[in-house]
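Trainee: structural data only, the sequence is not supplied:
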């Protein structure tokens, strides 16, 4: 059975396929070539709610890095937040992204996260 990966905070970006990178706590098992089912939400489902599948994604790169890498090198930070599905025009996006991630996950900017780069799998590929 295919593993799910939730995009509850970035569902619109995944639906629009403007997001090609995600950062996760844990996920040390992820490896290049893995295919996951992107879903809207996987935890905190109310009674009667079901998982809503969005699409399938394939991991093309995975590495560990501190979250603060986005603010330590702002060129990298702007490029990465754009890949996270956010426009890079706002000069505060890397710090706002790090703040949002930290608040949601209750971690510090120095926390090491798993950076997962992925591509979208076409429906033709999954039938194949």
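Mentor: Arrived safely, thanks for sending. Worth saying up front: this structure is predicted, and the values here are computed from it rather than measured.

Trainee: C-alpha from now on. contacts and neighbour counts both.
Mentor: OK.

Trainee: partner strands of the longest strand belonging to the chain, with direction?
Mentor: In the chain, taking DSSP state E as the definition, the longest strand is strand 53-66. When pairs are called by DSSP bridges, strand 53-66 turns out to pair with strand 35-39 (antiparallel), strand 112-121 (antiparallel).

Trainee: let me see the contact set for residue 19.
Mentor: 13, 82-86 (CA atoms under 8 Å, 6 or more residues apart in numbering).

Trainee: I should have written residue 4 there, sorry.
Mentor: Each residue near residue 4 by CA under 8 Å, 6+ apart is listed here: 36-39, 42.

Trainee: not counting its neighbours along the chain, what's nearest it?
Mentor: In this structure, residue 4 finds its nearest non-sequential neighbour in residue 37, 4.7 Å apart by CA to CA, 6 or more residues apart in numbering.

Trainee: now do the contacts for that neighbour.
Mentor: 2-5, 53-57.

Trainee: one more time with 6 Å
Mentor: 4, 55-56 (CA atoms under 6 Å, 6 or more residues apart in numbering).

Trainee: closest one of those to residue 21?
Mentor: Minimum distance to residue 21 across those is 13.9 Å, recorded for residue 56 (CA to CA).

Trainee: quick one: contacts for the closest one?
Mentor: Counted by CA under 6 Å, 6+ apart, residue 56 has contacts 36-38, 121.

Trainee: and residue 61, how far is that from residue 37?
Mentor: Residue 61 sits 17 Å away from residue 37, going by CA to CA, to the nearest Å.

Trainee: and if you look at residue 83?
Mentor: 19 Å.

Trainee: which of the contacts of residue 4 ranks first by neighbour count?
Mentor: residue 38 (23 neighbours; other CA atoms under 10 Å).

Trainee: now do the contacts for residue 14.
Mentor: By CA under 6 Å, 6+ apart, residue 14 has no neighbours at all.
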